[in-house]
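**Student:** Build me a structure from this.
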Amino acid sequence: MFTQESIRKYFEEKLKREEIKGSPGQLYEPIKYMIDLGGKRLRPVLTLMGYGLFKDDIEKALPQAIAIEFFHNFTLIHDDIMDNAPVRRGKTTVYKKWNSNTAILSGDTLFALAYQYAQKADKDILGKVLDVFSRTAIEVCEGQQMDLEFEDNNNVSVDDYIEMIRLKTAVLFAASLKIGSIIAEAPEKATETLYKFGETIGLGFQLQDDYLDTFGDEKIFGKKTGGDIITNKKTFLYLKALEKAGPETKKELLNYYGSNDFDDGKKIKAVKEIFKKLEVDRDTYNLINKLFDESVAHLEKLEVKAGKKAELKRVAENMIKRDK
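**Tutor:** Numbers count the residues shown, from 1 in each chain. Below is the predicted model of the structure:
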């Protein structure tokens, strides 16, 4: 039986053998640089696990797993430009190392390469694979646009935020699993159930990230906390706090998020105290657990061997129930 770690190692080995080169070199070097930055490879691993639930020859889903990873990295290259982010995975971002124009073109090329790999499927299922891939690509862009618009919108609701992260983050996890199961020629009911499972853990994954950015243990989380507060990012915690706050507390919170003139340390401390007073840390944690339970309920509906489902459940636990 395949484990998450064994599949990740398998994918890494196969990915290294893929040649990313062409002319002009200035276009392809940033692509190779981005892919070589690594990461958890969660999405392609889920593609291979989605296949492995139904069949054992997971190499058949390898092209689509590469497509998913290429697409994900394309979004990161463009996101870094839009966010003016100087660092990605501890290294200089593509647009900072080269320039914005090159980063845009390299990202576009990576998107096209992703499609080349996605279409390496048997003719009888190719339409289904590309339909999921295309729809997901559109939804991720919709989610990113919503996120950008939230920056200048003071009327964002909790429901708006949940829909944004569903599109920007969760649907790619869902599509990863669904495409893997389509390649394995799984029953349509099973592919839809896997999609719901992936979508649910994707929501939990992003909410967990929001939670850890504010309340996580920096040694475990791997980066300094409070970044979302410093940049006035409208996360679930912030929006839930606005929803629950009385007039005075709401005014105080809006004041903190409406300016960049506060000392970072004092601002983080003050906002965290407001969050704790309103118990939005508990609200977030409870929602994450609720989503985890929902994901497990979807998983239990799959008519596959219990051992294979157990490994996928462990993946969900690793994604959502990370140490705090």
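
**Student:** Which residue ranges of the stretch 1-150 of the chain form strands?
**Tutor:** Listed in chain order, the strands found in the stretch 1-150 of the chain under DSSP state E, counting those that start in this stretch are 87-88, 91-92.

**Student:** Mean pLDDT added to those strands, as TSV?
**Tutor:** As requested, the strands of the stretch 1-150 of the chain are exported to TSV (pLDDT from 0 to 100):
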stretch	mean pLDDT
strand 87-88	89
strand 91-92	92
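
**Student:** among these, which is the most enclosed?
**Tutor:** Across the strands of the stretch 1-150 of the chain, averaging neighbours per residue (mean count of other Cβ atoms under 10 Å) puts strand 87-88 on top, at a mean of 16. From N, CA and C alone the C-beta is placed, and that goes for glycine too.

**Student:** Give me the pLDDT for Asp323.
**Tutor:** Predicted confidence (pLDDT) for Asp323: 50.

**Student:** picking up where we left off before, turn the strands of the stretch 1-150 of the chain into JSON lines, columns for distance to Ile66.
**Tutor:** As requested, the strands of the stretch 1-150 of the chain are arranged in JSON lines below (distance: least, Cβ to Cβ, whole Å):
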{"stretch": "strand 87-88", "distance to Ile66": "20"}
{"stretch": "strand 91-92", "distance to Ile66": "21"}
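
**Student:** And those strands: which comes nearest Lys224?
**Tutor:** strand 87-88 (11.7 Å; Cβ to Cβ).

**Student:** thinking again about what came up before, and of the strands of the stretch 1-150 of the chain, who's closest to Leu194?
**Tutor:** Taking Cβ to Cβ, strand 87-88 is the member of the strands of the stretch 1-150 of the chain nearest to Leu194, at 29.2 Å.

**Student:** Relative to the whole chain's centre, how far out is the closest one?
**Tutor:** 16 Å (Cα atoms, centre = their mean, to the nearest Å).

**Student:** circling back to that earlier point, among the strands of the stretch 1-150 of the chain, which is nearest Asp281?
**Tutor:** Of all those, strand 87-88 comes closest under Cβ to Cβ, at 26.7 Å.

**Student:** Other residues contacting that closest one?
**Tutor:** Identification of contacts with strand 87-88 by Cβ atoms under 8 Å, 6 or more residues apart in numbering yields Leu37, Leu76, Asp80, Thr93, Val94.

**Student:** Identify the farthest-apart pair in those.
**Tutor:** It's Leu37 and Asp80 that sit farthest apart of those, by Cβ to Cβ, at 11.2 Å.

**Student:** residue with max distance from the center of this structure?
**Tutor:** Residue farthest from the centre of the chain, counting by Cα atoms, centre = their mean, is Glu248 at 35.2 Å.

**Student:** what helix or strand is that residue on?
**Tutor:** helix 247-257 (DSSP states H and E).

**Student:** which strands and helices sit next to that helix?
**Tutor:** helix 236-244, helix 264-277 (3 or more Cβ pairs under 8 Å, 6 or more residues apart in numbering; DSSP states H and E).
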